[in-house]
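Engineer: sharing a model prediction with you, sequence too.
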Amino acid sequence: MNQVYQKVSECYDSIKDKIPFVPKVALVLGSGLGNYADTMEIKAEISYSEIKNFPVSTVPGHEGKFIFGYVRKVPVVCMKGRVHYYEGYPITDVVLPARLMKMMGAEILFLTNASGGINQEFGAGSFMLITDHISCFAPNPLIGQNIDELGCRFPDMSKIYDPELNQIIRDTAKEFGIPLKEGVYVQLTGPSFESPAEIRMLKTLGADAVGMSTVVEAIAANHMGMRICGISCVANLAAGMTDQPLTHDEVQEAANKAAPLFQKLITESISAF
Ligand code: HPA
């Protein structure tokens, strides 16, 4: 068996009897959204460290566990804490959780993150519906022998972010009076923030917001035929757009501040899926 697939399968085998819960939606919680599960009707939890061979995140503020429960009537598995490429894991480990959640039964992958705003119209605290993405220097997670059990060698990427889910999120934002921007998210590897010249480059490439996650997870989920949507919380203006230096604390603080509204948008969107 393909070794990457074997590793995901072993993770699944080590938890499947403990968690008799079939999620419809897999929700990845970005910075600031860590406490989202407090709003759910929780049925079970499992720490990443309890899952054999599972990559465990090392970033402060990214505590690692799967939380299973209901958002209104929708069965959801939440990822509290994700693994980033800059932590030193192989890219196949970074996308392992997305593959595992598909194996658990999730049909929809809802990605969230905190980002730096490149588009001049975006202030700190804006929400951006991710309508497309650019991968910049992060390796493609599908490199290597194709995992035929999951998907085909050359997956189409023309509609990565599901148009119907996007419309539900737009309609939800409108209904609840939550301002929602839209745009293209670019993933770089991090962990250093970008230089001002890199931000100018990314702007020229067509990116509206920049971060260090999400794109590789979307590529792996798209390969498996999951329906994908994503919202980015713009935590700061990108490097060079203000005189201020960027810090992780500032990102965390802005994301925490935006969290109540972000939670509302996610809950109401998921219950309309
Ligand atoms: N750059 C990259 N990642 C980020 C940023 C940023 O400015 N803000 C939050 N995550």
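Structural biologist: Arrived safely.
Engineer: and the helix of greatest length in the chain, what other elements does it pack with?
Structural biologist: Secondary structure assigned by DSSP state H gives helix 248-272 as the longest helix of the chain. If you count contacts as 3 or more Cβ pairs under 8 Å, 6 or more residues apart in numbering; DSSP states H and E, helix 248-272 packs onto strand 25-29, strand 65-71, strand 74-80, strand 108-117, strand 127-135, helix 163-175, strand 227-237. Any C-beta I mention is one placed from the backbone N, CA and C, and that applies to glycine too.
Engineer: give me the pLDDT for the one residue in the stretch 51-200 of the chain that gets nearest to the ligand.
Structural biologist: Sorted by distance to the ligand under Cβ to the nearest ligand atom, the residues of the stretch 51-200 of the chain start with Gly116, at 2.1 Å. On pLDDT, Gly116 comes in at 96.
Engineer: I figured it was touching Gly211, is that so?
Structural biologist: Yes - with contact defined as Cβ atoms under 8 Å, Gly116 counts as touching Gly211 (6.9 Å).
Engineer: name the SS class of the closest residue to Asp132 other than its chain neighbours, please.
Structural biologist: Leaving aside its chain neighbours, Asp132 sits nearest to Val184 (4.9 Å; criterion: Cβ to Cβ, 6 or more residues apart in numbering). Secondary structure for Val184, judged by DSSP: H, G, I helix; E, B strand; the rest coil, is strand.
Engineer: do you know how far Val184 is from Leu205?
Structural biologist: With distances taken as Cβ to Cβ, to the nearest Å, Val184 is found 9 Å from Leu205.
Engineer: between those two, what contacts are shared?
Structural biologist: Ile134 (Cβ atoms under 8 Å, 6 or more residues apart in numbering).
Engineer: among those two, which residue is more densely surrounded?
Structural biologist: When neighbours are counted by other Cβ atoms under 10 Å, Val184 and Leu205 differ, and Val184 comes out ahead with 19 against 12.
Engineer: mind checking how far the more buried one is from Val210?
Structural biologist: Val184 is 10 Å from Val210, by Cβ to Cβ.
Engineer: residue nearest the centroid of the protein?
Structural biologist: In the chain, the centroid-proximal residue (Cα atoms, centre = their mean) is Leu111; its distance is 3.1 Å.
Engineer: for it, which non-adjacent residue is closest in space?
Structural biologist: The shortest distance from Leu111 to any residue other than its chain neighbours is 3.8 Å, reached at Gly230 (Cβ to Cβ, 6+ apart).
Engineer: hang on, that neighbour packs against Ala218?
Structural biologist: Yes - using Cβ under 8 Å, Gly230 makes contact with Ala218 at a distance of 6.9 Å.
Engineer: which residues are common contacts for those two?
Structural biologist: With Cβ under 8 Å, 6+ apart, Gly230 and Ala218 have common neighbours Leu111, Tyr161.
Engineer: chain center to the helix or strand Ala221 falls within, what's the gap?
Structural biologist: Element membership for Ala221, per DSSP states H and E: helix 215-223. Offset of helix 215-223 from its chain centre (Cα atoms, centre = their mean, to the nearest Å): 10 Å.
Engineer: fine by me, we can end here.
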